[in-house]
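In: For reference, the sequence and a predicted model appear below.
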Amino acid sequence: MLDYPPEKLWTIYEKLPKDLQEAIFSEETADIISSICARNGVKDEEIPEITKYTGYVLLGILPPDDFPKTLQDEVKLKNDLANKVALEIERLIFFPVKTSLEMIYKIEISPELKPSPGVTPAEKPKKDIYREPID
């Protein structure tokens, strides 16, 4: 992936909706990325790259759908780790500004379903087909 010159990034930044501008330089965004990386055992030297690509998504340079693959290819995270980190960043950073992201990318962002604590995706409760509807 290309690195963009700071002048180009500032030009893009100035045209963004206010919520995206705030998310890019938010201390909360930095704390969330740091927390996600610590929780998932990401190496300290990989965090700046993850932060850069998170910023690229918020700037409208990197489509959200390409974010997990970029973490694999550019940051060299293993597939499962890249997907885990990407999912958490999508849920905690991208989803709160989804309206603006949808506007600049012209896509629809749907929230990922979060499984209940202690329930693995393979053990999700099934719908009770024997339950009668209440009228």
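Out: Yes, it's here.
In: how about residue 99, what does it touch?
Out: Contact analysis of residue 99 by CB atoms under 8 Å, 6 or more residues apart in numbering lists residue 19. Just so you know, the C-beta spots here come from the backbone N, C-alpha and C atoms, and that holds for glycine as well.
In: Give me the phi and psi angles of it.
Out: Per-residue torsions, residue 99: phi -60, psi -50 (degrees, to the nearest 10).
In: Equivalent analysis for residue 62, please.
Out: phi -120, psi 110.
In: pretty sure it is touching residue 52, no?
Out: No: using CB atoms under 8 Å, residue 62 makes no contact with residue 52, being 9.6 Å away.
In: Looking at the two, which is more packed in?
Out: Neighbour count, other CB atoms under 10 Å: between residue 62 and residue 52, residue 62 has more, with 20 against 16.
In: Going by secondary structure, the closest residue in space to that one that isn't next to it in sequence is in what exactly?
Out: Once flanking residues are discounted, residue 62 sits nearest to residue 56: 3.9 Å by CB to CB, 6 or more residues apart in numbering. Secondary structure assignment for residue 56, by DSSP states H and E: helix 47-59.
In: Since that was my last question, I'll sign off now.
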